[in-house]
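Trainee: need a structure here:
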Amino acid sequence: MGRRVKVALILVALLPPALAGCAGEGPEPVLFGCALSLSGELEETGSLYLEGYELWKERVNSGGGISIGGESYQVDILYYDDESDTQQTGELVEKLITEDGVDFLLGPYGSSANLEAAAVADEYGVPMVQGGGAAEEIFTSGFEYVFGLLNPASDYFDSILEWGTGIEPGPNTVAIVSADDVFSLSAAEGAEQYAGELGYDVISFATFEQEGDLPGILGNLTDDDPDMVLFSAHFEEALSFVETAKDVGLSPEMFGITVAPSDPAFVDDLGADADYVFGTSQWVPDVSYNGSVFGSAEGYAQLFQQEYGREPDYHSAAASACGVSYQLALEEAGSLDRDDVRDALGALDAETFYGRINFGADGRIAYCPMVAVQIQDGNIVIIFPESLATGSASYPAPGDGTP
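Mentor: Numbering: from 1, shown residues only. Next up, the predicted model:
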């Protein structure tokens, strides 16, 4: 979907919620609230979540609504733009609860934002289901009303590292570069620990606070000549990383990047420079998952393609899965009581297009295997695990290794 269409969607979504029908035609819609990054540095990925939430809402409403206690309820979602500012996230979530009177919360994008939102949700006893925060702290803080659909950030590079141990000759030396935020550091530190356990030699670990630090960091890595460079950050920073690596001539045998490679916009923005980059994904359209609301993963992808003109990535799928989780829990609870719905979410165990949704005692999803992918000729190819692979990895990268 082009940028102009995306902006139009956001503007429509920010309008006050519409009633499901004329007065007297049924109960008031179930009102969900969400503080989301619809501008600022996280806008690109925040918009993917909005699309996933909206696709679920339209699916529900076009199908007659959610059956709760014998009545059918339509769904509305009220969004506020937190402008990629986590301080605003908490303030806006509180506004959604205390002033707008939302029934339930959908999570923002980013671990830091989700920590802020989770603290407010828990304080007021409002359930929040989120698919945009993976930091351990979200699930170790004792929150009782917060449920998450992503693997912990510390596992994000596991599938790439495991793939590398299974090829011969494979990568041996690893350099890690991370943004200085909760999610990125958690993913980078997890990669450092797991790489050591698997027998890799981690020769460098560097963090940066702003993108202007990257030329110096990556320039230094050219002398270290690592086989594998892992970069942990968000979408816009990933674009800068690839461009900077090319500028300074950093040419390892492979690059692995969190978050960005599974987003089709990564290829749109970088073109051929995206080729041969490795990434990981919580979900891809090729998986064989099937279940309630959307049917199969392939069916969900087709519906998303019809609506937005491109394939979904895991961010949008996770957002839609948040809605599916609520839908199933509301039907099971037969009530809009927040504690009843919280308990139903905690007991949920369902097969869906996103996979099996079942939350552990800490609110984290119990089953969500990640896949390793590589960009090849502009396409996202699953290369690990073998059971889900749609192709083989190109390793080492052709030419001098530079994207």
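
Trainee: C-alpha only now, for contacts and for neighbours.
Mentor: Fine.

Trainee: Show me where the stretch 301-403 of the chain dips below the pLDDT cut-off.
Mentor: Within the stretch 301-403 of the chain, the set of residues satisfying pLDDT under 70 comprises 399-403.

Trainee: And the helices in it?
Mentor: Assigned by DSSP state H, counting those that start in this stretch, the stretch 301-403 of the chain shows helices spanning 314-333, 338-347.

Trainee: next one: the stretch 151-300 of the chain
Mentor: For the stretch 151-300 of the chain, the helices defined by DSSP H, counting those that start in this stretch occupy 158-165, 182-198, 214-224, 235-248, 264-270, 297-308.

Trainee: Columns distance to residue 323 and mean neighbour count on top of these, output as CSV?
Mentor: Shown next, in CSV, are the helices of the stretch 151-300 of the chain (distance: least, Cα to Cα, whole Å; neighbours: other Cα atoms under 10 Å):
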stretch, distance to residue 323, mean neighbour count
helix 158-165, 27, 19
helix 182-198, 23, 20
helix 214-224, 38, 17
helix 235-248, 24, 19
helix 264-270, 23, 16
helix 297-308, 13, 17
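
Trainee: JSON lines for those helices, including distance to residue 49?
Mentor: JSON lines is the format used below for the helices of the stretch 151-300 of the chain (distance: least, Cα to Cα, whole Å):
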{"stretch": "helix 158-165", "distance to residue 49": "24"}
{"stretch": "helix 182-198", "distance to residue 49": "17"}
{"stretch": "helix 214-224", "distance to residue 49": "28"}
{"stretch": "helix 235-248", "distance to residue 49": "14"}
{"stretch": "helix 264-270", "distance to residue 49": "14"}
{"stretch": "helix 297-308", "distance to residue 49": "12"}
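
Trainee: Flag every buried residue along stretch 122-129.
Mentor: Of the residues in stretch 122-129, 122, 125, 126, 127, 128, 129 count as buried by neighbour count, 16 or more other Cα atoms under 10 Å.

Trainee: Kindly check the end-to-end length of it for me.
Mentor: The stretch stretch 122-129 measures 12 Å between its terminal residues, going by Cα to Cα, to the nearest Å.

Trainee: which residues are contacting that stretch?
Mentor: The set of residues that contact stretch 122-129 without belonging to it, under Cα atoms under 8 Å, 6 or more residues apart in numbering, is 97, 103-107, 118, 121, 143-149, 322, 325-326, 338-339, 341-342.

Trainee: if we go to 7 Å?
Mentor: Contacts made with stretch 122-129 from outside it, assessed by Cα atoms under 7 Å, 6 or more residues apart in numbering, are listed as 104-107, 121, 143-148, 322, 338, 342.

Trainee: again with stretch 269-285
Mentor: Outside of stretch 269-285, the residues that reach it under the criterion Cα under 7 Å, 6+ apart are 150, 156-157, 254-258, 261-262, 267, 297-298, 301, 313-314, 354, 368-378, 394, 397, 403.

Trainee: circling back: so which of the helices of the stretch 301-403 of the chain is the most packed in?
Mentor: Across those, the average number of neighbours (mean count of other Cα atoms under 10 Å) peaks for helix 314-333, which reaches a mean of 24.

Trainee: Which strands or helices does it pack on?
Mentor: Identification of packing neighbours for helix 314-333 by 3 or more Cα pairs under 7 Å, 6 or more residues apart in numbering; DSSP states H and E yields helix 43-62, strand 66-68, helix 338-347.

Trainee: where's the residue most central in space within the chain relative to residue 354, distance?
Mentor: For the chain, the residue lying nearest the average C-alpha position, counting by Cα atoms, centre = their mean, turns out to be residue 315 (3.6 Å). Computed as Cα to Cα, the residue 315 to residue 354 distance reads 11 Å.

Trainee: Low-confidence stretches in the protein?
Mentor: Applying pLDDT under 70 to the predicted model, the residue ranges of the chain that meet it are 1-24, 399-403.

Trainee: from the chain's centre, how far out does the helix or strand encompassing residue 72 sit?
Mentor: When elements are assigned from DSSP states H and E, residue 72 belongs to strand 71-73. In terms of Cα atoms, centre = their mean, to the nearest Å, the centre of strand 71-73 is found 30 Å from the chain centre.

Trainee: What is it packed up against?
Mentor: Where contact means 3+ Cα pairs under 7 Å, 6+ apart, strand 71-73 is packed against strand 66-68.

Trainee: related to what we said a few turns ago, any chance of the contacts of stretch 122-129 in a markdown table, plus secondary structure?
Mentor: A markdown table is the format used below for these (DSSP: H, G, I helix; E, B strand; the rest coil):
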| residue | secondary structure |
| --- | --- |
| 104 | strand |
| 105 | strand |
| 106 | strand |
| 107 | coil |
| 121 | helix |
| 143 | coil |
| 144 | coil |
| 145 | coil |
| 146 | strand |
| 147 | strand |
| 148 | strand |
| 322 | helix |
| 338 | helix |
| 342 | helix |
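
Trainee: What is the nearest of those residues to residue 239?
Mentor: In terms of Cα to Cα, no member of those lies closer to residue 239 than residue 107, at 25.0 Å.

Trainee: which residues does the closest one contact?
Mentor: Residues in contact with residue 107 (Cα under 7 Å, 6+ apart) are 34, 114, 128, 129, 130, 131, 132.
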